[in-house]
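> dropping a prediction and its sequence here:
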Amino acid sequence: MDSEQLRAGLRDLSLDLRWSWNHGADELWARLDPDLWALTHNAWVILQTISRERLEACLADADFRARLENVLHIYAHYNTRPHWFDSLQAGITCVAYFSMEFMLSDALPIYSGGLGNVAGDQLKAAHDLGVPVCGVGLLYQQGYFRQRIDSDGHQEALYPYNDPTQLPISPLRDSNGEWLRISIYLTGIRLWLRTWEVRVGKARLFLLDSNDPANLPDYRGLTSELYGGGPETRLQQERILGIGGWRLLRALALRPEVCHLNEGHAAFAALERARQFMEESKQPFAVALAATRAGNLFTTHTPVEAGFDRFAPALMDRHTRRYAEQRLGIPFRELMALGRLNPDDDSEPFNMAYLAIRASGAVNGVSRLHGAVSRRLFQPLFPRWPQPEVPVGHVTNGVHVPTWDSEAADRVWTAAAGKDRWRGDLEEVSGALDSVPAAELWKMRSESRRQLIDYVRQYLARQLAGHGAAEADVEMARRIFDPDTLTIGFARRFAAYKRPNLLLRDPDRLLRLLTCQARPVQLVLAGKAHPQDGEGQEMIRQWIQFIRNTPAREHAVFLADYDMQMTENLVRGVDLWLNNPRRPFEASGTSGMKILVNGGLNFSELDGWWAEAFTPEVGWAIGDGQEHGADPAWDYRDAEQLYSTLEREIVPMFYRRDASGISPEWVERMRASMSRLTPQFSANRVVREYTATHYVARAKAASDRAANSGAAAAGLVSWRAAIEQHWPRLRFGLLDIATNAGQHVFTAQVYLDELDAGAVRVELYADSKDGGAPHILEMQRGDPLVGAANAYHYSASVPAARPAADFTPRIVPDHRLAEVPLECSRILWYR
């Protein structure tokens with residue numbers, strides 16, 4: 001390659017966020033500017049900052065050129081090689097993934113926490129697997145706040161400006177080379193949205209922002225802050241994301257078969273998808289929604305009803321009436337009904353989660369437990385349906401393993417399972433660590449812990465120096481911690497339900513644990529509290545005071561401004577990850593998943609992902625697996641269990657060594673946790689599961705309904721109208737039950753009014769037994785009832801192993817294309 005090609009190649013590398021987890025080019029960026037790379041890990045900033053002379057000098061160096069050419073060759077080879085998705089021959093060209101935040105790298109700070117973590121890791125895994133996913137989000141001028149801790153331990157919120165020229169993003173251009181701008185209307189005024197592209201290997205993320213000079217001053221800042229401002233700003237942001245985001249995809253000539261809504265924030269995208277189908281097919285909104293919703297997937301992350309975005313009717317009127325009436329062609333009241341439990345209650349706020357459910361073909365929670373919690377939350381939308389049949393499944397979250405593994409862990413896994421282990425079906429990973437010597441795993445863990453201690457020392461010293469601390473305190477920070485001491489990590493958002501101060505409930509007992517000379521423990525804490533959450537901020541202050549004013553200051557640290565780069569260092573180095581929320585308020589949680597690949601062990605509440613991951617061989621559990629709300633007595637009990645398990649089991653096990661200085665029991669737990677849980681809770685498994693379970697099915701369902709300008713969808717709308725018209729007059733007659741030869745035989749009389757018998761299904765139902773699935777059996781239609789119009793006998797037989805009284809006939813809607821009860825929630829029970 002000549003110098004011009006190498007410059008272009010270097011620029012392409014710097015704009016491809018593969019460098020955030022593929023470290024093949026790290027030496028190149030460190031050669032260009034070692035100090036800036038160490039501080040920012042932002043390749044694009046380095047390329048924008050270094051002098052022309054420095055760049056030319058590096059490009060003239062034979063070793064640098066050879067390394068650069070090698071990285072470019074590897075990237076090009078990977079882009080063209082076969083991928084896992086190719087073998088499916090699924091016929092999907094694009095899955096549009098809408099999310100308010102994406103955590104891809106600290107170089108692009110447009111995330112807050114878990115929701116962005118999930119979105120970013122799934123986008124990376126889509127690249128690894130070749131699944132054609134494109135993300136759609138917002139470019140925030142300030143993003144989420146940065147944290148500073150003052151001299152008294154109080155949190156201060158800072159909002160540095162995200163300079164687009166320093167972010168690894170590129171303006172999107174149209175065919176004429178002009179900057180592609182999208183417009184939507186807000187309260188009668190056109191809002192212009194600038195558009196950007198982020199490259200994540202084969203995947204792409206498209207971003208919109210309102211900071212366009214053509215906009216009114218108060219509109220330019222609409223995309224200024226993630227989760228900032230009041231309800232009006234939030235509603236406008238969500239309209240920009242959903243409506244503007246879908247229009248952007250169409251402007252790019254992308255026609256996604258599947259639209260994945262990552263939380264209800266993005267639900268307006270489903271409306272805009274329906275509107276564009278209306279334009280193409282000339283069908284009314286009801287038919288367009290029926291056609292397109294089949295291709296939409298809604299993932300809910302919220303474990304409490306209060307977590308759903310709700311907007312007051314007056315606010316919705318001001319911002320969406322014109323869109324409903326002029327663009328969707330429906331009365332405003334009909335739009336509001338999509339987001340209400342009771343469509344006739346004009347005072348009820350508009351619920352974005354309800355809209356997402358009514359505009360999607362499938363709904364899922366983010367862990368097995370969260371699926372059950374969500375079925376309970378959404379039960380009111382499906383009255384009289386048994387809770388297990390509320391149409392919410394689950395796909396448990398996972399993390400993008402290559403993003404979070406340490407250098408030492410990567411070497412161990414590569415030797416055992418190959419370099420491409422996270423890019424396929426994970427068959428090579430199963431059992432890969434079984435033959436790895438215990439000494440090698442212990443060495444891996446020790447090396448990663450030492451690297452974390454180095455990071456803590458450097459970070460804390462820099463943090464203290466920046467706040468004007470005494471030189472003695474800065475010097476102490478440079479020597480803090482022992483690389484051979486059991487190291488516990490606790491880092492997350494500080495909120496009451498997460499109970500970040502549970503470990504601080506008995507400060508003296510904690511102090512004894514930390515300062516024990518024979519078996520010391522060291523603790524690394526980090527986390528932010530929302531700027532409006534005074535209780536969470538007070539919890540941070542209490543930790544700061546405990547550390548500063550007791551001997552704990554040599555054994556515990558609180559690192560301010562918890563971000564992705566800090567997370568990477570923590571999850572790679574800690575021996576034990578602590579998590580103690582109140583069940584069931586951790587929908588999934590991903591922080592504990594990140595330590596798995598690195599041999600860290602979890603000590604966590606039986607909530608979220610840990611409720612399905614935990615066995616005694618892989619870690620430790622807090623709680624009894626039940627819900628107790630905010631009962632102080634249970635907080636006390638959990639705190640006691642926390643202390644006693646650390647004192648009697650965890651700490652002694654870590655320090656119980658053999659003749660070679662290894663803890664055999666600890667290593668075997670490491671091995672079991674790494675082998676069993678790392679693949680299971682990887683984003684690789686998540687994206688493959690979404691693809692096989694949802695994306696392929698959603699794409700086919702949408703295609704079937706959209707064919708012939710939505711003819712099948714129109715038939716579906718007619719079917720539902722007939723159901724609504726005749727349902728109030730459907731009824732059961734007599735029910736006869738006979739028991740013979742070990743069988744219960746049920747015969748029911750069913751009166752269908754004028755409804756076609758093929759529009760319903762008569763079933764025999766019994767609740768689940770011993771925690772299994774409900775028993776549901778279709779009853780067969782028999783002879784018409786004598787002298788009655790459109791009435792029939794329906795019969796079914798079941799083994800007499802259960803009492804006949806356990807079984808009840810019911811009538812439910814039935815259509816070959818319909819998702820029942822998601823799209824039609826009528827149900828009639830015998831009694």
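Arrived safely. Note that the structure is predicted; figures quoted are calculated from it, not measured.
> ok, residue 656 - how many residues close by?
13 (other C-beta atoms under 10 Å). C-beta coordinates here come from the backbone N, C-alpha and C atoms, glycine included.
> and the pLDDT at the residue nearest to it when sequence neighbours are not counted?
Spatial nearest neighbour of residue 656, excluding adjacent residues (C-beta to C-beta, 6 or more residues apart in numbering): residue 663 at 5.6 Å. The model reports residue 663 with a pLDDT of 98.
> what about residue 663, how many residues nearby?
20.
> same check on residue 380?
Residues near residue 380, counting by other C-beta under 10 Å: 12.
> and the closest residue to it other than its chain neighbours, how far is that from residue 720?
Distances taken as C-beta to C-beta, 6+ apart place residue 341 nearest to residue 380, at 5.6 Å, with adjacent residues excluded. Residue 341 is 19 Å from residue 720, where distance means C-beta to C-beta, to the nearest Å.
> that older thread, what about the residue nearest to residue 380, is that helix, strand or coil?
Here residue 341 is recorded as coil under DSSP: H, G, I helix; E, B strand; the rest coil.
> hang on, the earlier thing: between residue 341 and residue 720, which one's more packed in?
residue 720 (19 against 12).
> mind listing the helices for the stretch 451-600 of the chain?
Secondary structure of the stretch 451-600 of the chain (DSSP state H, counting those that start in this stretch): helices located at 471-477, 507-515, 534-549, 564-573, 591-594.
> quick one: the residue nearest to residue 380 from residue 319, how far?
21 Å.
> what of residue 432?
53 Å.
> of those two, who's got more company?
residue 432 (21 against 18).
> the more buried one belongs to a strand?
No. Assigned with three-state DSSP, residue 432 falls outside any strand and is coil.
> for it, phi and psi?
When quoted as degrees, to the nearest 10, the phi and psi of residue 432 stand at phi -60, psi -30.
> make sure it is actually in contact with residue 674.
No. Residue 432 is beyond contact range of residue 674, at 9.2 Å (criterion: C-beta atoms under 8 Å).
> quick one: the strands in the stretch 301-450 of the chain?
310-311, 350-351, 362-365, 393-394 (DSSP state E, counting those that start in this stretch).
> now residue 781. Nearest residue, chain neighbours left out?
That would be residue 792: by C-beta to C-beta, 6+ apart, it lies 5.1 Å from residue 781.
> now do the SS call for the one you found.
Applying three-state DSSP: residue 792 is strand.
> next, count neighbours for it.
21.
> distance of it from residue 764?
The gap separating residue 792 from residue 764 is 15 Å, by C-beta to C-beta.
> repeat that for residue 488.
Taking C-beta to C-beta, one finds residue 488 at 54 Å from residue 764.
> same check on residue 30?
As for residue 30, its distance to residue 764 is 69 Å (criterion: C-beta to C-beta).
> so between those two, which is more surrounded?
Taking neighbours as other C-beta under 10 Å, residue 30 and residue 764 compare with residue 764 leading, 22 against 14.
> pretty sure that one contacts residue 746?
Yes. Residue 764 is within contact range of residue 746, at 5.7 Å (criterion: C-beta under 8 Å).
> shared neighbours, those two?
Common contacts of residue 764 and residue 746 (C-beta atoms under 8 Å, 6 or more residues apart in numbering): 779, 796, 798, 807, 809.
> let me see the backbone angles for the fourth one.
The main-chain torsion angles of residue 807 are listed as degrees, to the nearest 10 and equal phi -110, psi 140.
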